[in-house]
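Student: For reference, the sequence and a predicted model appear below.
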Amino acid sequence: MSLRLAVLGSGSGSNCQSIFNAIDDGRLDAEVVLVLSDHEDAYILERARQRGVPAEYMDCGGFRNKFPLEVQEAVAARLQELQVDLVCLAGFMRLVKEPLLKAFPRRILNIHPALLPNFPGVEAWKQALDAGAKQTGCTVHYVDAGMDTGEILMQAYVPVLSGDTPESLHARIQVQEHILYPAAILSAISRL
């Protein structure tokens with residue numbers, strides 16, 4: 001029986017697409033049963049709809065960064081109702097807390113565009129450039145109550161080139177993200 005995934009995202013959903021692609025080409029025995037976004041017009045929702053996957057908006061009450069506990073409780077209940085096995089954060093820009101963590105212990109993954117524990121938080125590729133890092137990359141980790149502090153599952157390395165701009169570095173990191181995330185999901189499945 002294939003694994004039941006839910007994907008939470010805030011933006012374009014390129015990592016969600018990489019999960020869809022891995023399912024389509026047989027690298028990942030899973031089914032995405034729901035895509036949720038905290039932005040009503042996020043392209044990740046359109047990607048899901050084009051595929052026939054239920055796509056829903058989470059109204060966070062006008063808060064820019066806060067993920068209200070009552071919304072997390074509602075999301076947890078919805079995911080449990082759908083019998084979701086693994087929750088994948090894909091560019092989701094809010095901190096997950098107790099309601100979701102308790103409902104899905106060690107079953108929430110996140111992909112981050114840096115080699116954690118270095119450069120947690122937003123725009124990690126810019127942080128790496130500003131710090132003069134010679135290499136960066138991406139990390140898939142289990143989600144805990146901190147910001148990008150959960151146990152690391154897998155990483156991929158990306159060199160920082162002398163002429164890199166934030167945009168060029170981020171683009172190269174994303175190429176590795178799209179390879180790493182499906183592989184890390186497969187690894188997490190084997191640990192369930």
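Tutor: Happy to help now that I have it.
Student: Can you tell me how far the residue lying closest to residue 107 once chain neighbours are set aside is from residue 118?
Tutor: Distance criterion CB to CB, 6 or more residues apart in numbering; nearest residue to residue 107, sequence neighbours excluded, is residue 86 at 5.3 Å. From N, CA and C alone the C-beta is placed, and that goes for glycine too. Applying CB to CB, to the nearest Å, the value for residue 86 to residue 118 is 26 Å.
Student: The two - which one has more neighbours?
Tutor: residue 86 (20 against 16; other CB atoms under 10 Å).
Student: roughly how far is the lengthiest helix in the chain from the heart of the chain?
Tutor: If you go by DSSP state H, the chain has its longest helix at helix 166-191. With CA atoms, centre = their mean, to the nearest Å as the basis, helix 166-191 stands 10 Å off its chain's centre.
Student: What mean pLDDT does that helix get?
Tutor: Taken as a whole, helix 166-191 has an average pLDDT of 96.
Student: Stretch 19-35 too?
Tutor: Stretch 19-35 comes out at a mean pLDDT of 97.
Student: which residues touch that stretch?
Tutor: Contacts to stretch 19-35, defined as CB atoms under 8 Å, 6 or more residues apart in numbering, come from residues 2-9, 13, 16, 44-45, 47-48, 51, 53-56, 78-79, 82, 84, 86, 88, 90, 178, 181-183, 185-186, 189.
Student: pLDDT wise, what is residue 63 at?
Tutor: pLDDT, read off for residue 63, is 85.
Student: just the one 3 residues further on next, same as before
Tutor: On pLDDT, residue 66 comes in at 85.
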